[in-house]
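Q: compute the structure for the input listed below.
(one chain, ligands or ions: 2)
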Amino acid sequence: MAIEKTLSIIKPDGVRRNIVGKILGRFEENNLNIVATKMIHMTISEAEGFYAVHSDRPFFGELTRFMSSGPVLVSILEGENSVSQHREIMGSTNPAEAKEGTIRREYAESLGENTVHGSDSVENAAVEIAYFFSKTEIVNSAS
Ligand code: ADP
Ligand code: MG
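A: Ligands and ions are numbered 1, 2, ... in the order given. Predicted structure coming up:
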């Protein structure tokens, strides 16, 4: 199986509720290694840039206001099939539809404020990682 990197964000609701450690623990328990991490507070234009693919969607304003409403923890997670593995651990976008035991099922309060972001493909992961991290910030990688 392929060793991949994925971009993970603990969204402002997760940081605000002091569950960063619990969420990172889920990743570690599932053999996703943290190879970079930092806390940042995005401006609205940084959030708009990150979510540019959704700029035509009706929830774009709500999403970018939320993502810039407080600090987030951005991390790069590395492991076997980390992109799909991380999405499995997160659960469905809508917490009401997320499987039992997933982060969104356990912690997310609404469809918008759903606690975590994860890349949806290896290609998008590379773009999202480059949006937040320089190469020198990746320090614990096997590759
Ligand atoms: P995911 O984060 O699971 O990849 P999407 O890429 O479809 O989901 O959407 C990005 C984010 O936009 C979601 O995680 C959620 O915070 C927000 N979002 C998606 N759909 C809606 C919606 N219908 N109403 C409000 N916010 C939404
Ligand atoms: Mg997405």
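Q: any idea how far stretch 86-97 is from the chain center?
A: 11 Å (Cα atoms, centre = their mean, to the nearest Å).
Q: ok, and what's touching it?
A: 6, 8, 26-27, 30, 32, 77, 98-99, 102-105, 108-111, 114-116, 118-120 (Cβ atoms under 8 Å, 6 or more residues apart in numbering). Just so you know, the C-beta spots here come from the backbone N, C-alpha and C atoms, and that holds for glycine as well.
Q: and if you look at stretch 15-29?
A: Against stretch 15-29 from outside (Cβ under 8 Å, 6+ apart): 8, 10, 14, 34, 37, 39, 70-73, 75, 77, 86, 89, 103, 107, 115-116.
Q: wait, isn't residue 9 in contact with residue 116?
A: Yes: shown here, residue 9 and residue 116 form a contact pair, counting by Cβ atoms under 8 Å, at 6.7 Å.
Q: with neighbour numbers in mind, choose between the two.
A: Higher neighbour count among residue 9 and residue 116: residue 116, with 25 against 22, using other Cβ atoms under 10 Å.
Q: how near is the more buried one to ligand 1?
A: As judged by Cβ to the nearest ligand atom, to the nearest Å, residue 116 and ligand 1 stand 8 Å apart.
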